[in-house]
Structure formats: C-alpha cells, structure tokens
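S.K.: sequence? don't have it. structure:
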C-alpha cells in the first residue's frame, strides 16, 4: 500500500505545461476528396487524423505529374515540405503509413531502373568484347530512377538523383536528426538546394563522374520529416536562412492515454489498408502521366479575393505579434495554401473522372485549404517560439498573443487593463500592445473608450 500511496503523489499528467494547439476542424474532413477521407478514416484521435491528412498531402504532392498553377506570375507545382514535431512516443511514427500510398510508384521506378541497368550491362559487355570500336559509341549508364530519395545523402548525390528523375523526388525521414547530421557533414549540406527546390529554382552542381557541370532546372522536391522539438532546432538553428518558412509545421503533444492495441480488423492490417489505397492512387498517377499536355490549376476571381483578404490580415497580425522576421512564414503559407488546393482538386479526379484543363478549384476545396492553413499558421508560430533564443524577437510574442486572444470582441480600456492584470502584463505594456494592434488593424477604436477586434 505504501508504494501505491507514493505513486498517487506523482504529478498529474493533465497538469503538465503542454501546449494545446488547435486541430483541423472536423467539418473539413467531411468535404475532402474521397481518397483523403479513406486515408484518414483509421485515425485514433483528432491529432492522428491531422497527421495522416498532412502526411498524405505531402507524399501525394510529389506524384502529380503534368499539373501546375501560376502564383505571383510564376509557374508552381504541388510540392510541399512538412515537419511533424513531437516528443518520443507521441504517435508520429504512423506517418510511415502515408509513405505506403506512393510506394507502388517508387517500386515501379526501381524495377524499370533495374531492367535498364541489366540491359546496359549486357551492351557494355558486348562493347568491351569488340576489338574494333570505331563504329560504335560506348553505352551510356541509365538514370538512377526512384521516387523516395534517402535523406542520408551527399548534396551532389541528392542532386544527381533528382536530375536522373527529371527533377522529381520525395525525401521521407521519420528521424529529423538524420537530416540534421547530414547537413553538418562536409559534403552533405544541401540546405541551399532545399530552399531553391521549394520555389523550383535552378540548382547547379558538379557531377562527380567526369567532373561535369550540371544545371537542374525546375526541381520539384517534396519532403516529409518528423522529430522532436530539439531536432527542429538542430535542423533549422535559426529562421534567417529561409528554411523554416518553407516548411509546414505540426506540433503534437504526447497523450497519457493507453490505446486499445487489439482494436480493428484482424483480417486487414493498417499496412494492407494503405497498400489498397496506394493501388487506387497509382491509377490516378498513371492517368495524369499519360496526359498529352500540362494541366493548369486556377482559382476563381472570388477565391483570389478571399485569399488576398485573409493573408493580408494574417500578415498584419503575425508581424505585429512576432516581428518582421516572421513575414516570410506567412507569405510562404500563402503559396502552401495554393498548393494544397491544387492537390485537393487533382484528387477530385478520382471522384468525378474529369480530366480537363484548366483545372478549376471549387469552393469546397478552396475553403478546406484555407481552413487547414489557418491551423498550420498557429502551429508554425508555436515552433517558431521554440527556436533558439537568438532568433526570438525582442518582445514576448506568446504573451502578446495571449493578450490579443483574451480580448473580447468589444471592450473598453478598463476591460483590457483588467485582462492585462490577469496575465501579469503591466498597464503601460498593455497600452503599447493596444496601440500596435490598432496600427495593424487587429482592433478598431470605433468610439470614445470603445474598441472592437478587426
């Protein structure tokens, strides 16, 4: 009994200082393309559902050939970067299920590469055996075809594989420190290539064989990483080089709840279920691949107006809360929203069979994309605050954000000072915050001693 009493004195897990960030609204899921509804149907919690959705979007983003859109007067493709950050045993390992959705594509490429290499070896043997080689060129080694590229790679190795695959690839790594350690190695730091690939900018490198100079045009790289918050800081030690702003971030808390490990069907494992979904997606991939011309994705005029209105407001809000250094994250989340809408629209082909260009985004997919990013922008802010101290802004953004969120829709000076007191914010600091909120359009001073949120 004494041992039991000592256990009862332990700290209650519910009283730990875990940050409870919002999850994607359930209403979004009921309007997703059927394929994504199936991919998230086996989730065990709201966070797990978000994990499966975001992971699926990223792996799919690498496998939508012949689809593009025009954003800020530049051609862009669906590719996404995602980092799931969580403590050990939080459940991020289920991301491996998402990888299974595109493994048939990866395997088909590897099998084709194997066949081509065997033919190359045969031709090389014939060439070597010939005494008179004057009328014949030496056989060319075939490309190293694959979709999923190992993260533990040299910069030149990564770029060569991308070049062999016409610029397309997916980095899938569930241990964030693997990539972090690669970046720290003498020949493995391809952070610059990552940043360029996000915007499809040309990557130049020297090919190790024959010392050949190569320019990789229009790289279309997707990346899915996961790791602990410390591994984020190791991979992205600061926000200044731009790598942070190119990623979607999702922050998971560990749940002190034991899940029933025997629930579900014994006849079909999760692996089998996702392999089945993979065969369906492979059919869409082949359909898109066979299109004679590229298919352009576009938003309607009203959607463009709503898009600009939201990101204009979001930019004001987050720059006010986190400073000018955070503006790149908000702006790139705009591009990410556009890409998510592109992916959702492409997956709609599996539902209606409509393969036409231009691909017009319907309001359902547009709204879903915006709702997803409204959650991601909050998760990115949380991860941003956990970066090393030298990156943090001079003020206390979390305190300022808590103050803004605590304000009611309409309030007076007495009201906001009372809230500031509850948050242990000095009156002068609260007045300064109110002034900045007003300048940024986050609140409106519409009458004497009357304020409202903008």
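M.R.: Okay, I see it. These numbers were taken from a predicted model, which means no experiment stands behind them.
S.K.: ok, residue 142 - how many residues close by?
M.R.: By other Cβ atoms under 10 Å, 17 other residues sit near residue 142. Glycine gets a C-beta too; all of them are placed from N, C-alpha and C.
S.K.: any idea how far it lies from residue 114?
M.R.: Using Cβ to Cβ, to the nearest Å, residue 142 is found at 10 Å from residue 114.
S.K.: per-residue pLDDT, the most centrally placed residue in the chain?
M.R.: Residue closest to the mean C-alpha point of the chain, counted by Cα atoms, centre = their mean, is residue 82 at 2.6 Å. Residue 82 carries a pLDDT score of 95 in this model.
S.K.: got the contact list for residue 193?
M.R.: 155, 158, 159, 203, 219 (Cβ atoms under 8 Å, 6 or more residues apart in numbering).
S.K.: re the thing from before, list the contacts of the helix or strand hosting the residue nearest to the centre of the chain.
M.R.: In the assignment (DSSP states H and E), residue 82 maps to strand 81-86. With contact meaning Cβ under 8 Å, 6+ apart, strand 81-86 is reached by 51, 54-55, 57-58, 92, 95, 176, 194, 198, 222-229, 231-232, 235, 246-254, 383.
S.K.: any chance of the contacts of residue 193 in a markdown table, with distance to residue 341 and pLDDT too?
M.R.: Below are the contacts of residue 193 laid out as a markdown table (distance: Cβ to Cβ, whole Å; pLDDT from 0 to 100):
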| residue | distance to residue 341 | pLDDT |
| --- | --- | --- |
| 155 | 32 | 86 |
| 158 | 28 | 90 |
| 159 | 29 | 91 |
| 203 | 26 | 92 |
| 219 | 22 | 96 |
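S.K.: among the residues you listed, which are in strands?
M.R.: residue 203 (DSSP state E).
S.K.: List just the nearest of the contacts of residue 193 to residue 71.
M.R.: residue 219 (16.5 Å; Cβ to Cβ).
S.K.: What distance do you get for that closest one to residue 129?
M.R.: Residue 219 is 39 Å from residue 129, by Cβ to Cβ.
S.K.: Could you do residue 105 as well?
M.R.: Taken as Cβ to Cβ, the span from residue 105 to residue 129 is 37 Å.
S.K.: The two: which has the busier surroundings?
M.R.: Set residue 105 next to residue 129 and count neighbours by other Cβ under 10 Å: residue 105 wins out with 22 against 7.
S.K.: The more buried one contacts residue 147, correct?
M.R.: Yes: taking contacts as Cβ atoms under 8 Å, residue 105 lies within contact range of residue 147: 5.3 Å.
S.K.: Common neighbours of these two, please.
M.R.: residue 63.
S.K.: ok, the closest residue to residue 136 other than its chain neighbours - contacts?
M.R.: Spatially, and ignoring its direct neighbours in sequence, residue 136 is nearest to residue 127 (6.4 Å; Cβ to Cβ, 6 or more residues apart in numbering). Applying Cβ under 8 Å, 6+ apart, we find residue 127 in contact with 133, 136, 138, 139.
S.K.: Now which of these would you call buried?
M.R.: residue 139 (16 or more other Cβ atoms under 10 Å).
S.K.: Any chance of the contacts of residue 127 in TSV with pLDDT and secondary structure as columns?
M.R.: Listed next are the contacts of residue 127 as TSV, based on pLDDT from 0 to 100; DSSP: H, G, I helix; E, B strand; the rest coil:
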residue	pLDDT	secondary structure
133	72	coil
136	79	coil
138	86	coil
139	90	coil
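S.K.: Kindly confirm my reading that residue 444 is in a strand.
M.R.: Yes: according to DSSP: H, G, I helix; E, B strand; the rest coil, the state of residue 444 is that of a strand.
S.K.: Adjust the sequence numbering to begin at 403 for everything that follows.
M.R.: Taking 403 as the first residue, the last one we looked at is residue 846.
S.K.: which residues of the stretch 603-752 of the chain fall in strands?
M.R.: 605-609, 614-618, 622-629, 650-654, 697-700 (DSSP state E, counting those that start in this stretch).
S.K.: Could you give me the buried positions within stretch 552-559?
M.R.: Result for stretch 552-559 [16+ other Cβ under 10 Å]: buried residues 553, 555, 556, 557, 558, 559.
S.K.: From those, pick the one nearest residue 474.
M.R.: residue 557 (27.7 Å).
S.K.: Need the pLDDT of the residue nearest to the closest one when sequence neighbours are not counted.
M.R.: Among residues not flanking residue 557 along the chain, residue 592 sits closest, at 3.9 Å (Cβ to Cβ, 6+ apart). You'll see residue 592 listed with a pLDDT of 80.
S.K.: How about the contacts made by residue 813?
M.R.: Counting by Cβ under 8 Å, 6+ apart, the residues that residue 813 touches are 821, 853, 854.
S.K.: Put the buried members of those into a PyMOL selection.
M.R.: Selecting only the buried entries of those in PyMOL, with 16+ other Cβ under 10 Å as the criterion:
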select buried, resi 821+853
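S.K.: Now secondary structure and pLDDT too, for the contacts of residue 813, in a markdown table please.
M.R.: A markdown table is the format used below for the contacts of residue 813 (DSSP: H, G, I helix; E, B strand; the rest coil; pLDDT from 0 to 100):
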| residue | secondary structure | pLDDT |
| --- | --- | --- |
| 821 | helix | 91 |
| 853 | strand | 90 |
| 854 | strand | 89 |
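S.K.: So which of the contacts of residue 813 is the closest to residue 437?
M.R.: Of these, the one sitting nearest to residue 437 (Cβ to Cβ) turns out to be residue 854, at 42.4 Å.
S.K.: Does the closest one touch residue 848 like I think?
M.R.: Yes: the pair residue 854 / residue 848 is scored as a contact, 5.9 Å apart, by Cβ under 8 Å.
S.K.: dump the residue contacts of residue 476.
M.R.: 601, 602.
S.K.: Distance of it relative to residue 752?
M.R.: With Cβ to Cβ as the criterion, residue 476 and residue 752 are 28 Å apart.
S.K.: could you say what helices and strands the host helix or strand of residue 834 packs with?
M.R.: Following DSSP H and E, one finds residue 834 within helix 829-841. Counting contacts by 3 or more Cβ pairs under 8 Å, 6 or more residues apart in numbering; DSSP states H and E, helix 829-841 packs against helix 703-724, helix 799-808, helix 815-824, strand 845-849.
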